[in-house]
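**Q** Sequence and computational prediction follow.
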Amino acid sequence: MNTLAVVGLQWGDEGKGKIIDLLSKDQDYVVRAQGGHNAGHSVIAEKREYHFHLIPSGILYENVVCYIGAGTVIDPASLLIEIQNLQNQGIDLKNRLKISPYAHVIFPYHRRLDQLQEKGEIHLGTTGRGIGPCYEDAVARRGIRIGEWIDPTTFKKRLQPLVALKNRIFQQYDEAEIDSNALFEEYEIFAKELSPFVESFEDHLDQEILKGKKILFEGAQGALLDIHFGTYPFVTSSSTSSSGLAVGAGVGPSRIQKTMGVTKAYTTRVGNGPFPTEFSQDELSLFASHEIAREFGTTTGRKRRLGWLDIPLLKEAIRINGATSLALTKIDVLDSLDFIKICVGYENVSRPPVFHGEWSNIKPQFETFHGWKKSTKEIKKVEEFPKNVRIFVNRIESLLNCPIEIVSLGPERESAVFLK
Ligand code: IMP
């Protein structure tokens, strides 16, 4: 087998898009299998910048076929814009993009509910894209799946009772009700446009895996946003691990041979929730600016929260994913720093807490490293690493006890060094 999952080990935005793009060149298939357009990947290739939310970034290579799997939630309006943008940039999608009929559809009422829930007691800082409410419907066994949606008769029959249910909720919030007929008409047009891409590919994918074809499973978000093992309740609504990818792609767990975990050389988070190594005001003023560090959310444009690398959290993330290797990204963002810290443990506790209320007691213990004070952007070989980069990278590898395979030193496709 020739299969690899690439997953985030932090709170998303680890630079997976760039790593997946680098590895996609030699793949036959790239498969997205969880989350929705809450995700955002940016890729800079041949001096052009591409933004992806749902379509796997492997689509940039003509030889790659891309699948959007059963475990995802799909906002048709957003996906159609993404398709249109790629076509405008000259990317041919015919027979290269397939959407599973098992995936669930995000409707405008999911988005409105997401935004209303955010005004409630727990403000999670979601992306407001309707992801959580759509997964809620899926788990409650009343959601509408792509395969049902593209059949107008089934769609109409399923939509009416759902809209009635949602309208009862909107009444409680004193919100305007939805017109089921208008929604049907609007979404029937979208369904016609997307239906050429809909195909149940799970069986074919399994056969291709067994034939030894190269398959990359593309993770979205990160381990610390995982619905089960993330910093609950400040998490997303899907399983972001490699096992979650197997479930969402419709393949057995034994079909994922290797898992590469992606982590930044520091930590970021968008949205609310615990962040033990978050910078103090002083540290923030010494760090690269958000603009230089490129630390604005791809999906929402929000400024990301910044902090030092957190080894205890990464160890958990590696375990949850069974990661077999690592990619370390955004080393270049640290180029101008006098010193860099890594959290190597927590005072009084041996591992991150389970319950939300316990996070405020967590006190990180740090090791401090000298910066290298040199641009690393043009480095092409490991031998060119400044001594202090080597010390820093080696220490991370030994603390995590997992081999670092790729070090990324900038957003461009070329700015990366393969170590192993
Ligand atoms: P939701 O996925 O929109 O429900 O948001 C739940 C949490 O996950 C919020 O803190 C979001 O900011 C975060 N989140 C969701 N998707 C991403 C992502 O792709 N990158 C980073 N954070 C994300």
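**A** Cool, got the structure.
**Q** residues contacting residue 246?
**A** If a contact means CB atoms under 8 Å, 6 or more residues apart in numbering, then residue 246 has 5, 33, 217, 252, 253, 255, 256 as its contacts. From N, CA and C alone the C-beta is placed, and that goes for glycine too.
**Q** Of these, which is the nearest to the ligand?
**A** Ranking the contacts of residue 246 by separation from the ligand, with CB to the nearest ligand atom as the measure, puts residue 33 on top at 14.3 Å.
**Q** for residue 183, helix, strand, or coil?
**A** Counting by DSSP: H, G, I helix; E, B strand; the rest coil, the backbone at residue 183 sits in helix.
**Q** For the residue nearest to residue 333 when sequence neighbours are not counted, list the residues it contacts.
**A** Taking CB to CB, 6 or more residues apart in numbering, and ignoring the residues beside it in sequence, residue 333 has residue 293 as its nearest neighbour in space, at 4.6 Å. By CB under 8 Å, 6+ apart, the contact set of residue 293 is 287, 306, 330, 333.
**Q** Out of those, grab the one that's most surrounded.
**A** residue 330 (24 neighbours; other CB atoms under 10 Å).
**Q** what's the distance between the nearest residue to that one once chain neighbours are set aside and residue 402?
**A** Counting by CB to CB, 6+ apart, residue 330 lies nearest to residue 264, which is 4.7 Å off, once chain neighbours are set aside. The span separating residue 264 from residue 402 equals 15 Å under the rule CB to CB, to the nearest Å.
**Q** do residue 138 as well
**A** Counting by CB to CB, the gap from residue 138 to residue 402 is 33 Å.
**Q** what stretches of the stretch 201-350 of the chain score poorly on pLDDT?
**A** For the stretch 201-350 of the chain, no stretch has pLDDT under 70.
**Q** Quick one: name the residues of it near the ligand.
**A** With CB under 6 Å from any ligand atom as the criterion, the stretch 201-350 of the chain meets the ligand at residues 220, 221, 225, 234, 236, 237, 270, 271.
**Q** farthest-separated two in those residues?
**A** Maximum pairwise distance among those (CB to CB): 16.7 Å, between 220 and 234.
**Q** higher neighbour count, the two?
**A** Taking other CB under 10 Å, residue 220 and residue 234 do not tie; residue 220 has more neighbours (32 against 22).
**Q** Show me where the protein has its helices.
**A** In the chain, helices defined by DSSP state H lie at 16-24, 76-88, 108-117, 131-139, 146-149, 152-172, 180-194, 202-210, 242-249, 281-286, 290-293, 311-321, 387-400, listed in chain order.
**Q** Would you mind saying which of those lies nearest residue 348?
**A** Nearest to residue 348 among those is helix 311-321; the distance by CB to CB comes to 12.4 Å.
**Q** Can you tell me what sits against that closest one?
**A** In this structure, residues lying in contact with helix 311-321 by CB under 8 Å, 6+ apart are 5, 7, 9-10, 222-224, 226, 229, 241-243, 259, 261, 263, 267, 276, 323, 326, 342-346, 351-352, 396, 399-400, 402.
**Q** Mark which of those residues are part of strands, please.
**A** The subset of the contacts of helix 311-321 located in strands under the criterion DSSP state E comprises 5, 7, 259, 261, 263, 267, 326, 342, 343, 344, 345, 346.
**Q** what's the fourth one in contact with, if anything?
**A** For residue 261, the residues meeting the contact criterion (CB under 8 Å, 6+ apart) are 7-9, 223, 314, 317-318, 321, 323, 325-327, 402.
**Q** re the thing from before, looking at the ones in strands among the contacts of helix 311-321, which is nearest residue 406?
**A** Proximity of the ones in strands among the contacts of helix 311-321 to residue 406 (CB to CB) peaks at residue 326, which lies at 8.0 Å.
**Q** Just give the closest residue to the residue in the stretch 151-300 of the chain that the ligand sits nearest to, not the sequence neighbours.
**A** Proximity to the ligand, evaluated over the stretch 151-300 of the chain using CB to the nearest ligand atom, is greatest for residue 271 at 2.2 Å. Computed as CB to CB, 6+ apart, the closest residue to residue 271 that is not its neighbour in sequence is residue 125, at 3.1 Å.
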